[in-house]
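**Q** Please find the sequence and the predicted model below.
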Amino acid sequence: MAGLEKKQYTLSRLAEIVAGTVVGDGACLIEGIETLQEAKKGTISFLANPAYEKFLKETNASAVILSESSAEKCSVNALVVQNPYLAYAKLSHYFNYVLSDVDGIHSSAVVHDLADVDSTASIGANAVIEKGATIGASVVIGAGCFVGENSVISQSTRLFANVSVYHGVTVGERCIIHSGAVIGSDGFGIAPGPDGWSKIAQIGGVVIGDDVEIGANTTIDRGALANTEIKNSVKLDNQIQIAHNVIVGENSAIAACTGIAGSTRIGKNCIFGGGCGVAGHLEITDNVHLTGMTLVTKNIKKPGVYSSGTAVEPNAAWRKNAVRFRQLDSIVSRIKKLEKDAES
Amino acid sequence: MAGLEKKQYTLSRLAEIVAGTVVGDGACLIEGIETLQEAKKGTISFLANPAYEKFLKETNASAVILSESSAEKCSVNALVVQNPYLAYAKLSHYFNYVLSDVDGIHSSAVVHDLADVDSTASIGANAVIEKGATIGASVVIGAGCFVGENSVISQSTRLFANVSVYHGVTVGERCIIHSGAVIGSDGFGIAPGPDGWSKIAQIGGVVIGDDVEIGANTTIDRGALANTEIKNSVKLDNQIQIAHNVIVGENSAIAACTGIAGSTRIGKNCIFGGGCGVAGHLEITDNVHLTGMTLVTKNIKKPGVYSSGTAVEPNAAWRKNAVRFRQLDSIVSRIKKLEKDAES
Amino acid sequence: MAGLEKKQYTLSRLAEIVAGTVVGDGACLIEGIETLQEAKKGTISFLANPAYEKFLKETNASAVILSESSAEKCSVNALVVQNPYLAYAKLSHYFNYVLSDVDGIHSSAVVHDLADVDSTASIGANAVIEKGATIGASVVIGAGCFVGENSVISQSTRLFANVSVYHGVTVGERCIIHSGAVIGSDGFGIAPGPDGWSKIAQIGGVVIGDDVEIGANTTIDRGALANTEIKNSVKLDNQIQIAHNVIVGENSAIAACTGIAGSTRIGKNCIFGGGCGVAGHLEITDNVHLTGMTLVTKNIKKPGVYSSGTAVEPNAAWRKNAVRFRQLDSIVSRIKKLEKDAES
């Protein structure tokens, strides 16, 4: 990638970081990380998925992170660890681009006199920090971000450019919030009456735990009365919609384009595929996995993998089958009749 | 919520606002609004859903908004009204956080000399108002918003931070537009030709009525030739996509993540669940309800509730059933054969 | 649309532009473009869809773009071309609103000393251009946009207001990127470990070809190691999610609200309807069409039209059929039994 300033580490140093063992030349210099197929001399790669073992022979990497069982098939230097994917995750940060964050408050940023900005925080160009907001130590607020009144961004959290945080929102420590995310917008609360819809003021806030990541253009609404809550270590991908008073349990990970309707509670360690929809006022227990585009309209009380929908097929066949779907109940009646006739 | 400045009203005053009757102590002071379960002394709660009547006995609220039929089961002060949910909606605004809007035009905002900004409007930090734009009385434009050339934001409308309004867009009175919403982006108009796609200029605008609410990161495209139109009192949740030349009829409410394709007309008083998709060039009549994640590919001419899709089930069972779905048409052939055989 | 400055062309001039033939008065002045039904005197319209031929008699347009076969049914001036829709696409730009772009760098924009901005580029109010970024000739960067470190925006590309481009992103020539789009956000890369999720640094970039259009609030994640790639002439509608390391082939067009999961490769000339979901690590060949809301969970190796899902129906019927869907596998067992009994 253009602009990536290369860094150099000896293989031994990298082994130290992930508590691994070098097989080969520990003094070998590594200055990048690549896939087995695309690796060049001077880079390290990793073997986490056995399906890729075939690339081990032909890789140009100078070293490969792998498990003991694959070590002997490795023709270059090996960094042997228990969990190669996790080791790769840890080492990846050593080769990442380091952004030149603003030193302190950029002259074009608008910070209210009554905001409390830590002296070690970085406030980007044209960012706006409102009255009563608290920006913690080592926080980075990207260019064009908005942090509303009395909101709290806790230490070591990073907001990329153009994030909008409404008033009365609390974000924990070491969170990452990507561009275009909106935290604390009004929940969709409207009451029907004789003259049409009446808006219900959304008085609650949003409380986001520590180590949460929030993807680009994801939206998290404030609560109607109580708070919307995203617990510690939750990982949210892009374009997710979290409605008012939802609670997402610790360590759950949700893929892009999923929507969770109001007041639903999602357990811990859940994994939702992309494009799912979960109706409102439901309870989803811990360790529930949803495959992509699943619609959930009732409580899920048992851990496990759940799905809905149908699988892709050529349109001509699908048209016929979709027609039959609408006849399903009558089809079953016909079968019942056949069964009855067969009995008699 | 941190930063919420409490306000105090006597119960009698609140009763006056919603034309209700106090049973108990009208002088009782109320300084917040909470659910029955979470209410503390000094707050008012409401009973709108009979399922929550069980919490009436044990609530710590100082008063409860309820209907006459529930009044005698209420052990604390009661505020008796015809429609408790609607009364709650109205009173909620009396306990909402009041934002400290900028007084006039913030010094960092960029307002074109040929823009017409009412003296009572508030233009937030780093907002940009382009040539020929009109900003009405008591309008609030949030920080970082963009209002394009010749667009009109009518009186008492509020744009939260980082809203983008393109040129030639008209927004009515008392609208609320949430952060990240984009109004007036080009419709997806491309014509295939021998050299690939040719873009079709999107010359139409967007006309948004009065009392419309538009959720965070919702997008409303400008028309190809005529306008895209959102009629009075329409309520749009977050991350909704409204394509070019769509017309959404009065008082319709659409939940998050729904997409409406080009030139489709949606009637009045429709309610769409989240994650729905409506194909282009369709007519959906008044009073149509869609349940969540419904796909509509044909006109709907009769009011009523409509659905599509399948319901969630354990993945192992779903895999088998999804395979059978693709055999549905042949399954029906097998039934026909059985029926024929049985007849003969 | 308010603010549209009308332009005038003779019909002969318009015919010249699209290499068409005038039947009637070539000196006729045209100052707008409208649909057949809504056209007023002085405007030109077009007939591309035979279903609209009925409007040809009653149109008030001063001229109509049409094919030779319809010419004799046209009672007003005709502009005869081979492909009326394509000719309309080309001419539409001659009647489009012309934005008053900033001349050079707006005084409120924040451009890093080490950014390279071409003297013919336009940088809008409150835009931020970071260190090492390159802004090409005739590029227009809208108000409030962010262009990250070392990113490249090539000549004649336009970013509308409030677009976020992270570091290390390359955008080709003549691209159009709509408001709220986010290019280069981190891919959703997390590795499970004994202490929960570990973030994987997203070291790759995004490379966007020439003549690409990207809709409002669309998100394109940067690659984990290699780049995410959007090839030449790809057209992306609003609110699309492109995950890390996806490759979208030349000339493919994707409608709104579709999500493509990580590492999937989409061929050339594909057309995806709105709301589709494509799982990760798949190969979709060239010329694949997906109808709206299709879920793809396996490779598609043959060009053609594909679908999944079920079609809308009244909710009461749907409830019954959806229950039967979950019994499908057992229904087939019942049929098998009937068949076996019939045989014996």
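**A** It's in. Numbering: from 1, shown residues only, chains lettered A, B, ... in the order given.
**Q** Tell me who's in contact with A:G144.
**A** Taking C-beta atoms under 8 Å, 6 or more residues apart in numbering or on different chains, we find A:G144 in contact with A:124-127, A:161-162, B:126, B:144, B:162, C:126, C:128, C:144, C:146, C:162, C:164. Any C-beta I mention is one placed from the backbone N, CA and C, and that applies to glycine too.
**Q** so who does A:A19 touch?
**A** A:V81.
**Q** Next one: it from chain B, what distance?
**A** Going from A:A19 to chain B by C-beta to the nearest C-beta, to the nearest Å gives 36 Å.
**Q** Please tell me how far that residue sits from chain C.
**A** 13 Å.
**Q** got it, and A:S330?
**A** 9 Å.
**Q** That residue - how many residues pack around it?
**A** 13 (other C-beta atoms under 10 Å in any protein chain shown).
**Q** by contact count, what packs against the helix or strand in which it is found?
**A** Assigned by DSSP states H and E, A:S330 belongs to helix A:328-343. On a contact count with 3 or more C-beta pairs under 8 Å, 6 or more residues apart in numbering or on different chains; DSSP states H and E, helix A:328-343 meets helix B:328-343, helix C:315-325, helix C:328-343.
**Q** buried sites along that helix?
**A** A:328-329, A:331-332, A:335, A:338-339 (16 or more other C-beta atoms under 10 Å in any protein chain shown).
**Q** just to revisit the earlier point, I'd like the helices and strands packed on helix A:328-343 written out as TSV, with mean pLDDT added.
**A** Formatted as TSV, the helices and strands packed on helix A:328-343 follow (pLDDT from 0 to 100):
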stretch	mean pLDDT
helix B:328-343	92
helix C:315-325	95
helix C:328-343	92
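**Q** Those: which one's closest to B:I135?
**A** Proximity to B:I135 (C-beta to C-beta) singles out helix C:315-325 among the helices and strands packed on helix A:328-343, at 44.0 Å.
**Q** That closest one packs against which elements?
**A** helix A:328-343, strand B:304-307.
**Q** can you list the residues that contact it?
**A** So helix C:315-325 is contacted by A:325-329, A:331-332, B:289, B:291, B:304-311, B:321, B:325, C:310, C:313, C:331 (C-beta under 8 Å, 6+ apart).
**Q** near chain B, which residues of the stretch 1-150 of chain A?
**A** Within reach of chain B by C-beta under 8 Å from any C-beta of the partner chain, the stretch 1-150 of chain A has these residues: A:108, A:110, A:126, A:128, A:130-132, A:144, A:146, A:148-150.
**Q** Tell me the one among the residues you listed nearest to C:Q82.
**A** Lowest distance from C:Q82 to these (C-beta to C-beta) belongs to A:G144, with 46.8 Å.
**Q** Three-state assignment for the nearest residue to the closest one once chain neighbours are set aside, please.
**A** Spatial nearest neighbour of A:G144, excluding adjacent residues (C-beta to C-beta, 6 or more residues apart in numbering or on different chains): A:N162 at 4.4 Å. What DSSP: H, G, I helix; E, B strand; the rest coil gives for A:N162 is coil.
**Q** so A:N162 sits right up against A:A127, yeah?
**A** No - here A:N162 does not reach A:A127: they are 9.4 Å apart, not a contact under C-beta atoms under 8 Å.
**Q** okay, and the common contacts of the two?
**A** When contacts are counted by C-beta under 8 Å, 6+ apart, A:N162 and A:A127 have A:142-145 as shared neighbours.
**Q** So what does whichever residue of chain A sits closest to chain B look like in phi/psi?
**A** Residue of chain A nearest chain B, by C-beta to the nearest C-beta: A:N150 (2.7 Å). Recorded main-chain torsions at A:N150 are phi 60, psi 10, according to degrees, to the nearest 10.
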